[in-house]
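A.B. asks: prediction below, plus the sequence it came from.
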Amino acid sequence: MLIFEGGDFVKTKLSKSNQAVRRSEFPRLVLKVAVFALAAVLTICATGTAAQGIFGRISGTVTDAQGGSVAGVKITILSEETKIERQTTTDSNGYYVASDLPVGVYSVIAEQSGFKTVKKTGNDLVAGARMTVDLSLVVGEVSQRVEVAAVAETINTTSGELARVIDSSQVKTVALNARNYMQLLSLTPGTALTVDDQLSLTTSLAINNQSVNGNRPDSNALSVDGGFNMDSGSNASQVNNVGIDFIREVAIKSSNFSAEYGRNSGASINVVTRSGGDSYHGTVFEFIRNEKLDAKNPAPNAVKTPLRFNDFGWDFGGPIKRGKLFFFAGEEWKRIRLTAVPQSRTLPTAAELTGDFQRVTCIAGSYTAPRAGKCDLYSRKSPRSRSHHAAYNRRHSDCQDLQHDDGTGERALPGYS
């Protein structure tokens, strides 16, 4: 090792202990740099892609008992789940605003000397919401506290979009066939199901099974935490079918929403996943379905086919550093064993395969004459079509020779009742 000393380079040799220390410091330095770079990349990506998807805004005005605005009031916005705080102050008009707040339930606290401290709890901020929380101060000591609980649903008075947010309690309690979150879209007005058998979509990534406001089923735009969640190649399938137990809320904007949510002509559907809180919580779940628990099909001669459906998994979340960093993880498996429902099909006879459809037209019992202009069922362009067309005309002529009109428009064949 060379050391610069007194204007000259002096060559020295490190002891084995110093060499070991320097060797051990190098991997730690590389690890620290890698972790820092990864955190920076994730922060940039999350800010760029999810800024409009999983965040909201809380604003309002602080007034006194006479309705006058109060400037310089200290506003503290506290997350009731993670205990993370955001602080700001009111301007000369008593107005405050806090942007880019993660979805969650917040308490808004106003403190000013000469007034009692006011705390408004239970403000449920959903994705993309612009919530207004106005506070009124009462003269008194700062140590005195006035607490108000927000229990009514907040009305959006800042934009004219038609939207619906399905919160976590609805996501978990609404009966969903096969527990597919795409069925939640049917809770919004103007939505029609285009696939009756929702069980067939259990493990599917298809998203073209709902139509919103008459749009094509594949015209909806899907995202997860603000990130694009569609296969651009087909435009009818998603990348990640998020499990019901991992969803905090589903924000559905069906009409008149901002251009930032555009791309498709249909609805904008954003799934907000759960996050860890200030305490540890975990769940182990399993949902079971089989044909013995299903209702009887009311259709005539319907048969209940064997069904074994197991949906099971786990989730766990909590703090890494309380008030600073949190985690949430989970897995879900869907195992389905389903026998196809029997279908009745009519196969062509040997005569029909050769183009003879006489027995199809001259059925035993009755014959209904074709309406005018509806007799030419086949195109005359190809040889096969011409053959079918000739066979149709021939059997139609044969049937007319055998039938008589009873005056009702129905022509019965002689010899049959």
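C.D. replies: It's in. From a predicted model like this one, the values you see are computed outputs, not experimental measurements.

A.B. asks: count the residues that sit near the nearest residue to residue 87 once chain neighbours are set aside.
C.D. replies: Closest residue to residue 87 apart from its sequence neighbours, by CB to CB, 6 or more residues apart in numbering: residue 76 at 5.3 Å. C-beta: built from backbone N, CA, C; applies to glycine. By other CB atoms under 10 Å, 17 other residues sit near residue 76.

A.B. asks: what residues does residue 76 make contact with?
C.D. replies: 85, 86, 87, 108, 109, 111 (CB atoms under 8 Å, 6 or more residues apart in numbering).

A.B. asks: residue 206 now?
C.D. replies: Going by CB under 8 Å, 6+ apart, the list of residues near residue 206 reads 236, 237.

A.B. asks: ok so, going back, inside strands: which ones of the contacts of residue 76?
C.D. replies: Judged by DSSP state E, the contacts of residue 76 include 85, 86, 87, 108, 109, 111 as members of strands.

A.B. asks: ok, the third one - contacts?
C.D. replies: With contact set as CB under 8 Å, 6+ apart, residue 87 has these partners: 74, 75, 76, 77.

A.B. asks: neighbour-wise, which of the residues you listed leads?
C.D. replies: Going by other CB under 10 Å, residue 75 tops those with 23 neighbours.

A.B. asks: quick one, phi/psi of that one?
C.D. replies: With angles defined as degrees, to the nearest 10, residue 75 sits at phi -110, psi 130.

A.B. asks: got a ChimeraX select line for the buried ones in the contacts of residue 76?
C.D. replies: To isolate the buried subset of those in ChimeraX, counting by 16 or more other CB atoms under 10 Å, use the following:
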select :86,108,109,111
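
A.B. asks: ok, so of the contacts of residue 76, who is nearest residue 182?
C.D. replies: Nearest to residue 182 among these: residue 86, at 34.1 Å, using CB to CB.

A.B. asks: nearest residue to the closest one in space, please, no chain neighbours.
C.D. replies: In space, residue 86 is closest to residue 77, 4.4 Å off (CB to CB, 6+ apart).

A.B. asks: is it true that residue 126 touches residue 103?
C.D. replies: Yes - at 5.8 Å, residue 126 counts as touching residue 103 under the criterion of CB atoms under 8 Å.

A.B. asks: okay, and the common contacts of these two?
C.D. replies: Contacts common to residue 126 and residue 103, judged by CB under 8 Å, 6+ apart, are 56, 249.

A.B. asks: can you tell me which residue is spatially central in this structure?
C.D. replies: Nearest residue to the geometric centre of the chain (CA atoms, centre = their mean): residue 271, 4.3 Å.

A.B. asks: does that residue belong to a helix, a strand or coil?
C.D. replies: Judged by DSSP: H, G, I helix; E, B strand; the rest coil, the three-state class of residue 271 is strand.

A.B. asks: numbering from 245 from now on, please.
C.D. replies: Right, with 245 as the first residue, what we last looked at is residue 515.

A.B. asks: okay, now the residue lying closest to it once chain neighbours are set aside: neighbour count?
C.D. replies: Nearest residue to residue 515 in three dimensions, chain neighbours excluded: residue 468, at 4.8 Å (CB to CB, 6+ apart). By other CB under 10 Å, 22 other residues sit near residue 468.
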